[in-house]
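A.B. asks: Would you be able to build a 3D model of this:
(one chain, ligands or ions: 1)
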Amino acid sequence: MAPPLSCIGTELWFTDPMGEETPPGGEPPRTRLLWELIRPRLPLFALATFAGLLGSAARLGTPLATKSILDSVDGRSGVTMPLLVLIGLVVLGAFAQWWQMVALGNLSEGVVYDARRRMNLRFLYARLTPLQRSPVGELVTRVTSDSVLLREAASSSIVGGVNGVVMLVGALVMMAILDITLVGVTLVAVLILSVLFGRILPSIAKSQERAQAAVGELGGELDGNLRAIKSIKAAIAEERVRTRLDEIAERSRDLNMYAIRRQALAITTSWTGVQVSILAILAFGAVRVSEGAMTVSTLVAFLLYAFQIGDPIGQLSNSLTGLQAGLAAARRIRQVDDMPAEGGPESTVSKALGGSRTDIRPFTPTGDGSGMLLSGVHAGYPGGEPVLSGIDLRMPSRGHVALIGPSGAGKTTLLSLLLRFLEPDSGELRLGNHAYHEVSASSTRTHFAYVEQESPLIPGTLRDNLRLINTHATEEAMYEVLDRLSLRSVVDGLPDGLDAEISINSLSGGQRQRVAVARALLADRPVLLLDEATAQVDALTEQAIHDAIVDHARTGLVITIAHRLSTVVDADMIVVLQDGRLIAQGSHDELLATSPLYKDLLSALRIPTDSPVGDDVPGYGRHSS
Ligand SMILES: Nc1ncnc2c1ncn2[C@@H]1O[C@H](COP(=O)(O)OP(=O)(O)OP(=O)(O)O)[C@@H](O)[C@H]1O
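C.D. replies: Sure, this is the predicted structure:
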């Protein structure tokens, strides 16, 4: 059974959930990172190692049994017993090998599974800003290709290494028992090989890591370009993009080739070393036999051990070189672990890992009826200029608040703060009766339904998409919302209706936007956040969304961002942002009288500015909340 996630290197998750990406004290050694992944499956690891040792012992006993059979040829002792022992050792060796392979398979698949679960968990619960710093495709390669490299390292490389050492030491001991002088020759060869290996290995790990980083970069580039494939084709830029992708693939190939050349050097060195030492043993041994210092059967047994040493040395060199790729992969996987998680008094990750306390608090407006309050809020993205400065804003618990301003003014960033995708550098945010810093991000988010600018669909069916926020939405409620947003005919046109698998390509931009709005309306949350929710829809759907906003604003708070000012002029409160500052707020009529920027924005959109709203903007009447 898989260990619970809470057991898998839990301390990694809590080292510094709100802190920096590089852990204090620098990077732990690569081998420790690998060990952290193997540790939860220690019993399986021990079992595989034990089976390996059993197989090694059986193989080590074979030459001695062979010697006994040879010694019995002169008739002074019976041949039956040594023969039975030899057969027993062969059977034991075969059984141990099978057992070890199955245990190793279990171990390696388990380690890969754990690593993938860890990364899935971290990606979903990481703070958004550091997560979004890497291209999606690059992150995907860590879960797909890096974890596969880990498999070899975590299983056969490590157990093979342990077995190799045991076999090597065991064979040397047996050889020492047979002839202590001759073993000196073997030891010199082993020593020379170890020094050569020690010099070659580190460069293999480094180039492997760089090659894997290039694969990640390729994934990121490919993902980004495939998303923009229509623009690339329309621009006839395929060749430019292909050249760039090929360059990255070439870099990865060259780095891997360098690692392969170093591996080949290491393995050839070890193989040649073994052959040379066997020849030396044969030469020295022949002299000792001719001098009568050892028997022929002892030399045969010694040579059998010498040949056996070839196996563990080969196994060790393969394991050590294979391990380098796994260690490089472990480091890249660890970098995902180091992404700071969303935290707070009750971190979301801690809950995912089995925490029991819940800090979800009901949304209750403050005594003066305020829904949301921002005081002295300054915010920006890590490493960048401040984006919002000194925002003081009080929003009611019911009604429609529209955020407007020129592109880049900070409107979406303000929504990100409300949703806690971003934490303020200073200042305070309050939602009804509680301050943001008192509760977790997920608790805060339970009060919101959010429609983001790009209206992405999640992989799955239309039903999955509609139930993303409210998992209990009834079919009746879903059809009602679909009717309201003119989506019913779209659903009826899908082969499996609500159960049809949908993707970015199966719906138009406007349809995706309506699905996103439908899922938010089904959520029935106190605060509805709409970022450009009408940017891609036709006039009739825009009116339907507008009616839904008016509806929701009667009982809850709706905060919208819209560039089409005609959709916000009848909001209860319009907030004007410019260069990250709140420069005006009030109703349409108030702003017409007080805010030149507001007037300019309206004029740019050719919305009449000389008479109150309602008479001049077709289709929109002021609502009372
Ligand atoms: N993830 C991010 N990392 C770094 N900077 C960002 C990030 N998102 C936005 N910004 C910067 O913050 C500033 C405000 O961006 P924001 O998206 O909040 O503006 P906006 O008013 O919503 O613009 P628009 O109307 O064009 O959507 C911009 O200068 C932008 O470059």
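A.B. asks: got the contact list for the residue most central in space within the chain?
C.D. replies: Central residue of the chain (CA atoms, centre = their mean): Met119, 3.7 Å from the mean position. Residues in contact with Met119 (CB atoms under 8 Å, 6 or more residues apart in numbering) are 142-143, 147, 333, 336-337. For glycine as for every other residue, the C-beta is placed from the backbone atoms N, C-alpha and C.
A.B. asks: Going along the chain from the helix or strand hosting it, find the next helix or strand for me.
C.D. replies: Taking DSSP states H and E as the criterion, Met119 maps to helix 80-125. Counting by DSSP H and E, the element after helix 80-125 in chain order, helix or strand, is helix 128-132.
A.B. asks: ok, and for that following helix, which residues are buried?
C.D. replies: Within helix 128-132, the residues that count as buried by 16 or more other CB atoms under 10 Å are 129, 131.
A.B. asks: likewise stretch 276-296?
C.D. replies: So for stretch 276-296, counting by 16+ other CB under 10 Å, buried means 277-278, 280-281, 284-285, 288, 294-295.
A.B. asks: cool, and stretch 528-544?
C.D. replies: 528-537, 541-544.
A.B. asks: do it and the ligand meet at all?
C.D. replies: No. For stretch 528-544, no contact with the ligand is found by CB under 6 Å from any ligand atom; the gap never falls below 7.2 Å.
A.B. asks: can you list contacts of that stretch?
C.D. replies: 411-412, 415, 418-419, 448-453, 455, 484-486, 509-510, 512-514, 516-517, 520-521, 545-546, 549, 552, 556-564, 567, 619.
A.B. asks: Can I get that stretch in PDB, CA atoms only?
C.D. replies: C-alpha atoms of stretch 528-544 as PDB (Å, rounded to 0.1, in the frame of the first residue of the first chain):
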ATOM      1  CA  LEU A 528     -18.900  37.100  -7.500                       C
ATOM      2  CA  LEU A 529     -15.600  38.300  -9.200                       C
ATOM      3  CA  LEU A 530     -15.800  38.800 -13.000                       C
ATOM      4  CA  ASP A 531     -12.600  39.700 -14.900                       C
ATOM      5  CA  GLU A 532     -13.600  40.800 -18.400                       C
ATOM      6  CA  ALA A 533     -16.400  38.200 -18.300                       C
ATOM      7  CA  THR A 534     -18.200  39.800 -21.300                       C
ATOM      8  CA  ALA A 535     -15.100  40.500 -23.500                       C
ATOM      9  CA  GLN A 536     -15.900  37.700 -26.000                       C
ATOM     10  CA  VAL A 537     -19.700  37.400 -25.900                       C
ATOM     11  CA  ASP A 538     -22.400  38.800 -28.200                       C
ATOM     12  CA  ALA A 539     -24.700  41.600 -27.200                       C
ATOM     13  CA  LEU A 540     -27.500  39.300 -26.200                       C
ATOM     14  CA  THR A 541     -25.300  37.200 -23.900                       C
ATOM     15  CA  GLU A 542     -23.800  40.300 -22.600                       C
ATOM     16  CA  GLN A 543     -27.200  41.400 -21.600                       C
ATOM     17  CA  ALA A 544     -27.900  38.000 -20.000                       C
END
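A.B. asks: distance of the residue nearest to the centre of the chain from Ala441?
C.D. replies: Separation of Met119 from Ala441 (CB to CB, to the nearest Å): 20 Å.
A.B. asks: try Arg117
C.D. replies: For Arg117 relative to Ala441 (CB to CB), the value is 21 Å.
A.B. asks: How about residues contacting the helix or strand hosting Ala516?
C.D. replies: In the assignment (DSSP H and E), Ala516 maps to helix 509-523. Contacts to helix 509-523, defined as CB under 8 Å, 6+ apart, come from residues 449-452, 455-457, 462, 465-470, 473, 477-478, 481-482, 484-487, 490, 502, 504, 507, 528, 530, 533-538, 541, 545, 548, 552.
A.B. asks: now it, how far from the centre of its chain.
C.D. replies: Computed by CA atoms, centre = their mean, to the nearest Å, the chain-centroid distance of helix 509-523 equals 28 Å.
A.B. asks: Can you give the strand pairings for the helix or strand just after it, parallel or anti for each?
C.D. replies: Sequence order places strand 527-531 as the next helix or strand after helix 509-523, per DSSP H and E. Looking at strand 527-531 with DSSP bridges, its partner strands are strand 448-451 (parallel), strand 557-561 (parallel).
A.B. asks: and the protein, which of its residues are near the ligand?
C.D. replies: Counting by CB under 6 Å from any ligand atom, the chain sits next to the ligand at 132, 381, 384, 387, 405, 407-413.
A.B. asks: Show me the shaky parts of the stretch 501-625 of the chain.
C.D. replies: Along the stretch 501-625 of the chain, the parts satisfying pLDDT under 70 run over 565-566, 605-625.
A.B. asks: Would you state the strands of it in chain order?
C.D. replies: Secondary structure of the stretch 501-625 of the chain (DSSP state E, counting those that start in this stretch): strands located at 501-502, 527-531, 557-561, 573-578, 581-586.
A.B. asks: same question, the chain
C.D. replies: Secondary structure of the chain (DSSP state E): strands at 370-380, 386-396, 399-404, 426-431, 434-435, 448-451, 460-461, 501-502, 527-531, 557-561, 573-578, 581-586.
A.B. asks: Extract the CA atoms of the fourth one and return them as PDB.
C.D. replies: Read that as strand 426-431. Taking Å, rounded to 0.1, in the frame of the first residue of the first chain, the C-alpha atoms of strand 426-431 are listed here in PDB:
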ATOM      1  CA  SER A 426       1.800  46.000   3.500                       C
ATOM      2  CA  GLY A 427      -1.700  47.000   4.500                       C
ATOM      3  CA  GLU A 428      -4.700  44.900   5.500                       C
ATOM      4  CA  LEU A 429      -7.600  43.200   3.700                       C
ATOM      5  CA  ARG A 430     -10.800  42.300   5.500                       C
ATOM      6  CA  LEU A 431     -13.700  40.100   4.300                       C
END
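A.B. asks: List the buried residues of that strand.
C.D. replies: 427, 429-431.
A.B. asks: And for the second one?
C.D. replies: Residues of strand 386-396 classed as buried by neighbour count (16+ other CB under 10 Å): 387-389, 391, 393-396.
A.B. asks: okay, these in TSV with distance to Leu601 and pLDDT next?
C.D. replies: Shown next, in TSV, are the buried residues of strand 386-396 (distance: CB to CB, whole Å; pLDDT from 0 to 100):
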residue	distance to Leu601	pLDDT
Val387	20	94
Leu388	19	95
Ser389	20	94
Ile391	19	95
Leu393	19	94
Arg394	23	93
Met395	20	93
Pro396	23	90
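A.B. asks: which among the residues you listed gets closest to the ligand?
C.D. replies: Using CB to the nearest ligand atom, Val387 is the member of the buried residues of strand 386-396 that lies nearest the ligand, at 4.2 Å.
A.B. asks: circling back to that earlier point, which of the strands of the stretch 501-625 of the chain has the highest mean neighbour count?
C.D. replies: Most buried of those by mean neighbour count (mean count of other CB atoms under 10 Å) is strand 557-561; its value is a mean of 26.
A.B. asks: hang on, the earlier thing: so which of Arg117 and Ala441 has more stuff around it?
C.D. replies: Ala441 (21 against 16; other CB atoms under 10 Å).
A.B. asks: pretty sure Asp114 contacts Pro40?
C.D. replies: Yes. Using CB atoms under 8 Å, Asp114 makes contact with Pro40 at a distance of 6.6 Å.
A.B. asks: More neighbours: which of the two?
C.D. replies: A side-by-side neighbour count of Asp114 and Pro40, using other CB under 10 Å, places Asp114 first with 24 against 20.
A.B. asks: wait, doesn't Val148 sit right on Val112?
C.D. replies: Yes. Here Val148 reaches Val112: they are 6.9 Å apart, a contact under CB under 8 Å.
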